[in-house]
Each structure stands twice: as C-alpha cells, then as structure tokens.
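K.L.:
Show me the folded form of this:
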Amino acid sequence: MPFDLSAELLARIQFAFTISFHIIFPAFSIGLASYLAVLNGLWLWKNELKYLALFNYWKKVFALAFGMGVVSGIVMSYQFGTNWSVFSDITGPVLGPLMAYEVLSAFFLEAGFLGIMLFGRERVGPSLLMFATAMVAFGTLMSATWILSVNSWMYTPQGFLINDVGQFVPDDWWAIVFNPSFPYRLAHMVLAAFLTVAFVVGATGAWHLLKKQAGPATKTMFSMAMWMAAIVTPIQIFAGDLHGLNTLEYQPVKVMAMEGHYDSHPEGAPLILFGIPNSEEKRIDYAIQIPKLSSLILKHDLNEPLDGLDTVPDSDEPPVAIVFWSFRIMISIGFAMLGVGLWSLWARRRGTFYTSKWLHRAAFIMGPSGFVAVLAGWVTTEVGRQPFTVYSLLRTSDSLSPVAAPAVATSLVAFIIVYFFVFGAGAFYIVRLMSKPPSELDTILDDGPLRAAGTTPAIQMKSSDLKANEREQL
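P.N.:
Numbers count the residues shown, from 1 in each chain. The predicted structure is shown next:
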C-alpha cells in the first residue's frame, strides 16, 4: 500500500474529505434560506423592488447549493454502511431514529416547499409564497437541529443502555436528543451559518461596488450583510466561549489539545497564542504565550490549575497539531470578522460606507472566510474527539468495517476525482451567477413574478426610465 496507510486511516481520510465537501453546502443553505425569507418579507412589507430583485438573485444560488448539499449528503451517508458498519450496528438503535426524524421532519419539509418558493410566484398568492419560503428556512434549521443532536450525542452520550450484544439502545430519548453539548453546538453552528452567508453576500456586494455597479439592490445587499457581520459576530464569539466551557467540562482532553497544554499547570495555565506542537517531545516549540490567561478564560481565575496531556495516556490523545492549528484558524477568522463588522460601523458613521474602497476590498477578501471557519471548527471538534467515535465509550479502531486498505484507497481516489469535477463545476457556476449584479430591470422584464405580486409605482416605470436611474446612481 502506498505510504503504508492503514484501512482505518484511509477510511477516516475519506470520511473527512466527503464531510468537508458536504458541510459547506448545508452551512450555506441554512443561512441563505433565512436570508431569502427576510428578503421576501421585506418585499411584501415595504413593496420596494430592490428586495424582490435580491430575492430572485439569491434564490438561484440557493437552489444550486441546496442540490449539491443533498447529493453530497447522500454520498456521505453511504459510508456508514461501507466503511463504518460496526459503528452503524452498535449505535444504530440510538442514532438511526434521529437520522430518520431529520429526513421526515426536516428534509421533506424543505423539499416539499422548495418548488413553491422557487417557481410559485406566478402560481400562488404572496401569502402562500411567503409561507413556503418560511417553511424552507424552518426546514433547514430543523435539519441542522437533528443532525447536530446526532453528532453531539457522540461527544456527550446520555440516555442509553448497552444490551447483551454490545449495542447502545435508547433509555431516555429526551436525554439523548438534548444531550449536554447539543444546545451549545447548535447555537454555534447556526450562527456560523448566518455569518458564512453574511460574508458571501457582503463580498458579492463589495465586488459590484468596486466595479461601480452600485444599484439600489447592490447597496442594500452590502448593507444588510455588514449589519449581520457587526451584530452576529460578537454573539458568535460569546456562544463559542460557552461552547468551549462546555467542552472543558465534558471533553477536557480536547481542550488540552486545543490549548496546546502538554503539561499540567498547577498555578495558572498560559494562553499559547502561536507555536509549533512537538508531539515527540511533548511540548510547544517557539511558543508565544500570555501567562495565566488560559486559566482566566477557562476557569475565570488567573491561578486556577489546569490539567495537561501528561495526565492522559498516549493512546487516548488526539492528534494535537491538527487540533491546535485548526482551532487557531477558526479563532483568527472570527476576530477578523469582528474587525470587518466594526470597520463597517465606523464607515457608516463617517458617511463613507458605500465609497470606502478599502472596506470593500476587505469585505471581498473575507468572502470565503465563513467556509474556512466552519471547516476549521469542524476539524477541531471531530479530530479532537479522536481516538473515539462515541467519546470514551467506542474507539474509532473498533468502529471500522472489515475492509481492506486497497479497497478504501480506490474509493477515496474515485471520490476525489468525481467531487472536484462535479462540485467544482457547481461552485464555478455559483460564482458566475454572483459575478453579475442584481438588477431591478431584469426583475421588471421578467413580468411573471410581478403579475402575482401586484404593481407598484416602481414597476410601472418604463424600462428606459429605470435604465436612466441606474446609470445616474452609478
């Protein structure tokens, strides 16, 4: 086998690869569905054409992202039967029903109303269209709720018994669904989805502002995104802190890896900002640290002791370097988001919000930051759970199917090739859609939606008049 990789490591790499592709699409669609509901509500409330133009603009992007999320999710789920059949057998009585609830209560809800949201403006009334759009948004949030309940149970397993054949069987569904880490992880993930969309929308608006394509819809899009960044980022940082404290309580070894604490600190632990984890020597080389700050953050006391990885058997340690760096990537991006949000508030106050080229450049550069932060956070939480699939109860090595390494390697190579072609093409088309500015004129010329929505003074304007108005605003 090339590089002498085991079947277990290859299966883990394959699952990491497929879930990394998958997670970015639900994260995007969760936030974008809520954004579409807000846009359609503003269109019905204020009767301003720019909101309808933005709704029509982003619903195409949502449809593509939703489709790719469904496809990637189906492919990912097959691996439970191919590479992780032992895990599926042992945890199936607990996790199987929760996955079924996700399909029945959330995915069917999304799929059932998606067609109305995308194509129903000419065919149904505005109230039903608004209801369908809200149901799609609610469905995405419900989907996240069930999936994160499943995933959180693997970190903080509660409410189960173990039967005679070694399976986890449900004893208290309330404890299973609302396990101790679930509320924190749900809040953290949903806020991350909102921020991901905010910075994609903000980058799109910033791009068109830089290109001097600043129509009313473009300005509104950029303004809404920056408000979201300024308001939600501090909330996300606070939610992340609560999530970290919960992790310290239930998964202290993960926090040790995140903090880079190879050694215990009986009189206050330092906050290691950067360094190079040295797993052989069990230390952080070239560490840049602030004395006792980690104890203050995690225990709210400068002198509170913190245990290190020296209290944990080597066989129970996660890959420290991966967790250490992925955590810092996520945190760095979070504070960069906060910086852009505060910058936007300052620009609003100075009256340079739509003219500040440096703000627009910063917002454009930050466009993919939400996806990177989501992936970094996912790596932190998933790799930090190793070497367990069900924390402290079921090891990853005991969860693997009886498959040979060459078989897993072959499927991994096939996944890489197919994914980059299929999802690369989809992502390219989404970027191409966003490269064109939202146009109120296009919305007017597409008279189908306007017939259902009713006429307004803006709609009654001639196309030539609207063109002149757009040129004047540019």
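K.L.:
Which stretches in the stretch 151-300 of the chain count as strands?
P.N.:
For the stretch 151-300 of the chain, the strands defined by DSSP state E, counting those that start in this stretch cover 160-162, 168-170, 271-278, 283-290.
K.L.:
how deep is residue 363 tucked in, by neighbour count?
P.N.:
With neighbours defined by other CB atoms under 10 Å, the count for residue 363 comes to 29. Every residue, glycine included, has its C-beta placed from N, CA and C.
K.L.:
wait, residue 69
P.N.:
A count of nearby residues for residue 69, using other CB under 10 Å, gives 22.
K.L.:
Can you name every helix or strand that the one helix or strand it maps to contacts?
P.N.:
Using DSSP states H and E, residue 69 sits in helix 49-82. With contacts taken as 3 or more CB pairs under 8 Å, 6 or more residues apart in numbering; DSSP states H and E, helix 49-82 sits against helix 7-46, helix 85-101, helix 108-119, helix 216-250, helix 405-434, helix 440-445, helix 447-453.
K.L.:
Give me the buried positions along the third one.
P.N.:
What that stands for is helix 108-119. 109-110, 113-114, 116-118 (16 or more other CB atoms under 10 Å).
K.L.:
repeat for the first one
P.N.:
By neighbour count on 16+ other CB under 10 Å, the buried set for helix 7-46 is 7-8, 10-12, 14-15, 18-40, 42-44.
K.L.:
Let me know the angle separating that helix from helix 405-434.
P.N.:
On the basis of axes from the mean of the first three to the mean of the last three CA atoms, to 10 degrees, helix 7-46 is oriented at 20 degrees to helix 405-434.
K.L.:
now helix 7-46: mean pLDDT?
P.N.:
Mean per-residue pLDDT for helix 7-46: 88.
K.L.:
same thing with stretch 182-200?
P.N.:
93.
K.L.:
One more: stretch 153-162?
P.N.:
92.
K.L.:
centre of the chain versus it, how much separation?
P.N.:
Centroid separation for stretch 153-162 versus its chain: 24 Å, with CA atoms, centre = their mean, to the nearest Å.
K.L.:
gap between the two ends of it?
P.N.:
Stretch 153-162 has an end-to-end distance of 15 Å (CA to CA, to the nearest Å).
K.L.:
Tell me the buried residues in that stretch?
P.N.:
So, applying 16+ other CB under 10 Å, buried residues of stretch 153-162: 153-160.
K.L.:
Please apply the same query to stretch 221-234.
P.N.:
221-230, 232-233.
K.L.:
and if you look at stretch 73-81?
P.N.:
73, 75-76, 79-80.
K.L.:
List the contacts of residue 403.
P.N.:
Contact analysis of residue 403 by CB atoms under 8 Å, 6 or more residues apart in numbering lists 7, 11, 82-83.
K.L.:
run the last query once more with 6 Å
P.N.:
Each residue near residue 403 by CB atoms under 6 Å, 6 or more residues apart in numbering is listed here: residue 7.
K.L.:
before we move on, what SS does it have?
P.N.:
Local secondary structure at residue 403 is given as coil here, using DSSP: H, G, I helix; E, B strand; the rest coil.
K.L.:
That one and residue 78: what is the separation?
P.N.:
Taking CB to CB, to the nearest Å as the criterion, residue 403 is separated from residue 78 by 13 Å.
K.L.:
Show the model's pLDDT score for the nearest residue to residue 389 once chain neighbours are set aside.
P.N.:
In this structure, residue 389 finds its nearest non-sequential neighbour in residue 399, 4.6 Å apart by CB to CB, 6 or more residues apart in numbering. pLDDT for residue 399: 88.
K.L.:
I figured residue 399 was touching residue 86, is that so?
P.N.:
Yes - applying CB atoms under 6 Å, one finds residue 399 in contact with residue 86, separated by 5.3 Å.
K.L.:
So between these two, which is more surrounded?
P.N.:
residue 399 (22 against 17).
K.L.:
give the contact list for that one.
P.N.:
By CB under 6 Å, 6+ apart, the neighbours of residue 399 are 84, 86-87, 389.
K.L.:
And those, which is closest to residue 185?
P.N.:
residue 389 (16.4 Å; CB to CB).
K.L.:
Quantify the burial of residue 238 by counting its neighbouring residues.
P.N.:
Using other CB under 10 Å, residue 238 has 12 other residues around it.
K.L.:
quick one on the thing from earlier: closest one to residue 350 among the helices and strands packed on helix 49-82?
P.N.:
Of all these, helix 216-250 comes closest under CB to CB, at 13.8 Å.
K.L.:
which helices and strands does that closest one pack with?
P.N.:
Contacts defined by 3 or more CB pairs under 6 Å, 6 or more residues apart in numbering; DSSP states H and E place helix 216-250 against helix 49-82, helix 182-210, helix 252-259, helix 320-350.
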